[in-house]
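A.B. asks: fold the following for me, if possible:
(2 chains)
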Number of protein chains: 2
Amino acid sequence: MGGIVGGIADLTTPALIVDRAALEHNLAVMSEALPGDRLRPHVKAHKCTALARLQRDRGHRHFTCATIAEIEGMARAGLGDDLLLANEVLDARRLGRLDARVTVAVDSSATIAAAARGGVREVLIDVDVGLPRCGCRPEEAGALADLARKQGLSVRGVMGYEGHVVGLADRARRAAETEAAMAKLATAHADVGGEIVSAGGTGTYDLNRVATEIQAGSYALMDTAYAKLELPFRPALAVLATVISVAPGWAVVDAGLKSLCMDHGNPSVSGATVWFCSDEHITLGPLPSAERLAIAVGDRVGSGPRTSIPRSPTTLACT
Amino acid sequence: MGGIVGGIADLTTPALIVDRAALEHNLAVMSEALPGDRLRPHVKAHKCTALARLQRDRGHRHFTCATIAEIEGMARAGLGDDLLLANEVLDARRLGRLDARVTVAVDSSATIAAAARGGVREVLIDVDVGLPRCGCRPEEAGALADLARKQGLSVRGVMGYEGHVVGLADRARRAAETEAAMAKLATAHADVGGEIVSAGGTGTYDLNRVATEIQAGSYALMDTAYAKLELPFRPALAVLATVISVAPGWAVVDAGLKSLCMDHGNPSVSGATVWFCSDEHITLGPLPSAERLAIAVGDRVGSGPRTSIPRSPTTLACT
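C.D. replies: The predicted structure is shown next:
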């Protein structure tokens, strides 16, 4: 079947594999569109310092993280020139003690107090631009910036993630809604000041005209959700699996729910129809156009996960 | 809100937490129903040698695993008296070199050859009893057993997992379909011989009259899918999270897709309605009966994952 992979036959399966050519293509396209500090790559998508180094080698020295653990991993790996934790935290002490430049998002008096108490020196005011998640209302941003400065924090600017927009299939609508979201962020920025307006993602990397830096991350490896948009990035990540059982009507491979992210549904397997996933299995049937699966025990197939890499204690450790 | 947890305030969140009293209740109930070797606890559900030791301390010395890595972890932890890999594998060399008694499931000439070549000495013939996954047809089991014995393997008996039955909500139907599935396994066993008939799960642990040993695993920690059946086991696992942002209409906690298993849908959070999960966030709204969420930044909530523990390189290492 189309998914059989050669040259990596000795890998223990399931194995998470990266198509190096597709990865390099993606990195090159993005670096040309958003050179240097115009891109602040989001490492939550790959959670891997080796990949972050490839991004730094293309000129992106500032990074975005989603968790304290990611910040800690990047600092340990010597990638701590300018790390933005684009998320609110209460246990900011873990950030304050790092040997790295760390800026954290704040959206309330409680998170400002936590940052000051934890020894963090720099913050961005996080603004709700339409995604019901973190972020203050735009009209509150100026007062929060004042509060932060009173507590001795340096306010570098604002951030606001248009996460409700990045996945819209229609490009014109995506552009229009990005503009509406960024109008809110610009209003907040006028009240807050500072040199940074941080926003954006893979779906809006070339549509966001307001952000001074784009926080895209998924572009490097991509996923099947973003693959449906007409973006110039290629799928670069798959789970390699071994066929362990073949029945007259179906076949079974040794990857399952515990190797895959299922938040966008079943994975795709080239040359086969995914019937269902169990903890450690995927049961495959033939394609609608085929009578049977041309597959044998011992064959290897690549199943594209629909989304990003699972959380793991070894995150940011593949140096 | 109801999910606020006291006494573990210093934990870094998100944290996977176990309700010890519920766990002990579950272990006690199962050990009374299926004492000693009548239960072969499946460790894929918890992937934790500390929990496996609690099961062994209640008299269960034989364990079921789903992956080679689980077998390796159990052997390293000194829990290798009698380990069943209830799954087909091609790279059986990793099993043959372990200092433990390992029995592996086989369902084809290829997996029998792999077991013999890899230095595994004992096998069970895996039989398809109705779940379209691994297992030979019942009428093929005898011939496969002969083939295995010709290759020097000891055939200890049969296994056949009624996974299509364990989750049926109606107990009478679950019982009837278990009986139908086990009739197939009994036929295969008559042809194969050996002392073991291994089958069953948490949903059928007291309904399966044919198996000599039950492979239940989920009973220890439970999950929200099994919680819908009328079983005497209590939910014992949750993800502890911290509220990091509160807006007029919603609140956000610091656990998300990468901390949760999503294969049965959104987690449940007591006292709140889950709106959606992002990589590192859950956005919560009020319950339908409430006007607003009584929640503040810094509060801690427990969100019950709908299913078992994610795959992780540290599996079976929390000794």
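A.B. asks: switch to C-alpha atoms for all contacts and neighbour counts from now on
C.D. replies: Fine.
A.B. asks: most remote residue from chain A's center?
C.D. replies: In chain A, the residue that sits farthest from the middle, by C-alpha atoms, centre = their mean, is A:Pro248; the gap is 40.1 Å.
A.B. asks: name the element it belongs to?
C.D. replies: Using DSSP states H and E, A:Pro248 falls within no helix or strand.
A.B. asks: pLDDT at it, what is it?
C.D. replies: Per-residue pLDDT puts A:Pro248 at 92.
A.B. asks: relative to B:Lys184, how far out is it?
C.D. replies: Distance of A:Pro248 to B:Lys184, computed by C-alpha to C-alpha, to the nearest Å: 18 Å.
A.B. asks: ok, now A:Asn266?
C.D. replies: A:Asn266 is 30 Å from B:Lys184, by C-alpha to C-alpha.
A.B. asks: higher neighbour count, those two?
C.D. replies: The residue with more neighbours, out of A:Asn266 and B:Lys184, is A:Asn266; 21 against 18, by other C-alpha atoms under 10 Å in any protein chain shown.
A.B. asks: tell me if the more buried one really is in a strand.
C.D. replies: No: under DSSP: H, G, I helix; E, B strand; the rest coil, A:Asn266 falls outside any strand and is assigned coil.
A.B. asks: give the next helix or strand downstream of the longest strand that chain A contains.
C.D. replies: Ranked by residue count and defined by DSSP state E, the top strand of chain A is strand A:237-246. Going down the chain from strand A:237-246, the next helix or strand is strand A:251-253, by DSSP H and E.
A.B. asks: chain center to that next one: distance?
C.D. replies: 30 Å (C-alpha atoms, centre = their mean, to the nearest Å).
A.B. asks: which neighbours does it have in its sheet, and in what orientation?
C.D. replies: Sheet pairing for strand A:251-253, assigned by DSSP bridges, gives strand A:237-246 (antiparallel), strand A:282-285 (antiparallel).
A.B. asks: chain B contacts on the stretch 1-150 of chain A?
C.D. replies: A:12, A:66-67, A:88-91, A:107-108, A:110-111, A:132-136 (C-alpha under 8 Å from any C-alpha of the partner chain).
A.B. asks: coming back round to it: most packed of the strands paired with strand A:251-253?
C.D. replies: Burial of the strands paired with strand A:251-253 is given as mean neighbour count (mean count of other C-alpha atoms under 10 Å in any protein chain shown); strand A:237-246 ranks first at a mean of 25.
A.B. asks: sorry, back to before: among the residues of the stretch 1-150 of chain A next to chain B, which are in helices?
C.D. replies: Among the residues of the stretch 1-150 of chain A next to chain B, the members found in helices (DSSP state H) are A:110-111.
A.B. asks: quick check: PyMOL command selecting the buried ones in the residues of the stretch 1-150 of chain A next to chain B.
C.D. replies: The following PyMOL line selects those of those that are buried, judged by 16 or more other C-alpha atoms under 10 Å in any protein chain shown:
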select buried, chain A and resi 66+67+88+89+90+91+107+108+110+111+132+133+134+135+136
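A.B. asks: for the biggest helix by length in chain A, output the C-alpha coordinates as CSV.
C.D. replies: Counting residues, the longest helix in chain A under DSSP H turns out to be helix A:171-192. The C-alpha coordinates for helix A:171-192 follow below in CSV (Å, rounded to 0.1, in the frame of the first residue of the first chain):
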residue,chain,number,x,y,z
ARG,A,171,-9.4,32.7,3.0
ALA,A,172,-11.4,35.9,2.5
ARG,A,173,-13.4,35.3,5.6
ARG,A,174,-10.3,34.4,7.5
ALA,A,175,-8.7,37.7,6.4
ALA,A,176,-11.8,39.8,7.4
GLU,A,177,-12.2,38.2,10.8
THR,A,178,-8.5,38.5,11.5
GLU,A,179,-8.8,42.2,10.7
ALA,A,180,-11.7,42.5,13.1
ALA,A,181,-9.9,40.7,15.9
MET,A,182,-6.7,42.7,15.4
ALA,A,183,-8.7,46.0,15.5
LYS,A,184,-9.5,45.0,19.1
LEU,A,185,-5.8,44.3,19.8
ALA,A,186,-4.7,47.6,18.2
THR,A,187,-7.1,49.5,20.5
ALA,A,188,-5.7,47.7,23.5
HIS,A,189,-2.1,48.4,22.3
ALA,A,190,-2.8,52.1,22.1
ASP,A,191,-3.7,52.1,25.8
VAL,A,192,-0.9,49.8,26.9
